[in-house]
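> here's my sequence, what's the structure:
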Amino acid sequence: MTYVREDVQTALNLMASAGGPAMHEVDPPMARQMMAMMTATMERPAPTLQRRDDTTFPGPGGPVPVRIYQASSPAAEGPVLTYFHGGGWVIGNIETHDSLCAEIAHQTGWTVVSVDYRLAPEAPFPAATEDCLAATRWVAGSPDAIGHKVTGQILAGDSAGGNLAAAVSRELAREVPLLAQWLIYPGTDMMAEGGSMEEFAEGFLLTRDSMIWFMGHYAPDPRHRWASPLHAEEWDGLPPALVFTCGLDPLRDQGRAYAARLVETGHRTIFREAAGQIHGCMQLRGGIPSAQDDLLGQLADLKALVA
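Purely as a prediction, here's the structure:
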C-alpha cells in the first residue's frame with residue numbers, strides 16, 4: 001500500500017475538489033495563472049527580511065530579472081545562494097517562489113538571488129539554461145547590486161530548476177567558485193520511463209500527462225547533457241551536492257539515480273527523501289505543513305555541506 005502523509009492527502013483532496021481543467025488541458029498563459037493561484041492559496045507567508053529588491057542583468061536574450069533577498073545587513077563578503085525556480089521550464093516565476101527564497105534567506109543568513117529565466121514555448125530549450133549560466137557568471141562577478149563580495153555560490157533549484165542547477169554546476173564548475181549544488185526533486189533524465197514515472201503517473205499533483213505537456217513546449221534534445229545531466233559523459237570536479245526527492249513523485253527515481261551517480265564518481269553527496277510527500281511541496285508549505293519540516297531538514301544538511 002502506498003504511504004501518503006495525512007496532510008499531503010488533505011491537500012490533494014482539496015486541490016481535487018477545486019475542479020477545473022488539468023494543466024495539460026490549457027495553454028501556457030492559463031497554466032501560469034493556475035500555478036500562481038495554487039501558490040497563493042497553498043504557500044506559507046514569506047518572512048520579513050531587511051531587503052527584497054528586484055533588478056535585472058544583461059542576458060543572452062535580453063535583460064534577465066532577478067530578486068535579491070537579505071535577512072539583515074550583509075558582511076563585507078560571503079556566499080550567495082542562486083536559485084532557479086521550478087515549473088517545467090514553462091510556468092513559475094520569481095513570485096511563485098518568493099516565499100521559499102525569502103525563507104531560505106531568513107533561515108541561513110545568506111544572500112539569495114532568484115532568477116527569472118526565459119520560459120518556453122516563447123523561448124524553448126536551451127534558453128533557460130543559457131540565462132541561468134549568465135546569472136551564475138553575473139553573481140560571481142560580485143556586482144554592486146549584491147552589496148558584498150561573493151566568496152562562492154550555492155546553485156539551487158526545484159524540479160526544472162533542479163535540472164538547471166545540475167546543468168549549470170556541471171558547466172561552470174571549473175570557471176566560478178561553486179560551494180554546493182542543491183537539487184530539489186530534480187529532473188535529470190528526459191528519457192526516463194517506468195519506475196516512479198509509471199507508479200505515480202496520476203493522482204499526486206505532477207502527472208505523466210503534464211510532463212508530456214512540459215516537454216512538448218520546452219522541446220529539448222533529450223540526449224543533451226543540459227537536458228539529461230544523468231547521461232552526461234563528464235563527472236569530474238563537480239561541487240558537493242544535496243539531493244532531495246519525494247516518495248510520491250514521478251521524478252523520484254531520476255533524483256535517486258543522480259545522487260547515486262554523484263556518490264559513485266567520488267563527490268560528497270547528501271541524499272534526503274521525504275516519504276509520503278509529493279512533487280512541488282516546497283511551494284505548498286502552507287497547505288502541507290510537514291513540507292516546512294522537510295525544508296528545514298534540507299537547510300540543516302546544506303549548511304553542514306557548505307561548512
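> tell me which residues of the longest helix along the chain come out buried.
For the chain, the helix with the greatest residue count under DSSP state H is helix 290-306. Buried residues in helix 290-306, counting neighbours by 16 or more other CB atoms under 10 Å, are found at 290, 291, 294, 295, 298, 299, 301, 302, 303, 305, 306. Every residue, glycine included, has its C-beta placed from N, CA and C.
> and the last one, what's its pLDDT?
Each residue has a pLDDT score; the one for residue 306 is 96.
> again, but for the fifth one
The predicted local confidence for residue 298 comes out at a pLDDT of 98.
> helix or strand right after the helix or strand where residue 154 lies?
In this assignment (DSSP states H and E), residue 154 forms part of strand 149-158. Next helix or strand after strand 149-158 toward the C-terminus (DSSP H and E): helix 160-172.
> what packs against the next helix or strand after that following helix?
Next helix or strand after helix 160-172 toward the C-terminus (DSSP H and E): strand 178-184. Strand 178-184 sits against strand 149-158, helix 160-172, strand 241-246, helix 290-306, with contacts defined as 3 or more CB pairs under 8 Å, 6 or more residues apart in numbering; DSSP states H and E.
> the ones you listed: which one's closest to residue 125?
Nearest to residue 125, of all those, is helix 160-172, at 10.6 Å by CB to CB.
> relative to strand 178-184, how tilted is the closest one?
Relative orientation of helix 160-172 versus strand 178-184 (axes from the mean of the first three to the mean of the last three CA atoms, to 10 degrees): 150 degrees.
> quick one on the thing from earlier: just checking, what packs against the strand holding residue 154?
Applying 3+ CB pairs under 8 Å, 6+ apart, one finds that strand 149-158 contacts strand 77-84, helix 127-140, helix 160-172, strand 178-184.
> and the second one, average pLDDT?
Put plainly, it is helix 127-140. The average pLDDT for helix 127-140 rounds to 98.
> that one: which residues count as buried?
Using 16+ other CB under 10 Å as the test for burial, helix 127-140 gives 127-136, 138-140.
> one more: stretch 241-254?
By neighbour count on 16+ other CB under 10 Å, the buried set for stretch 241-254 is 241-254.
> and what of stretch 166-180?
Neighbour-count burial for stretch 166-180, counted by 16+ other CB under 10 Å, picks out 166, 167, 168, 169, 170, 171, 172, 173, 176, 178, 179, 180.
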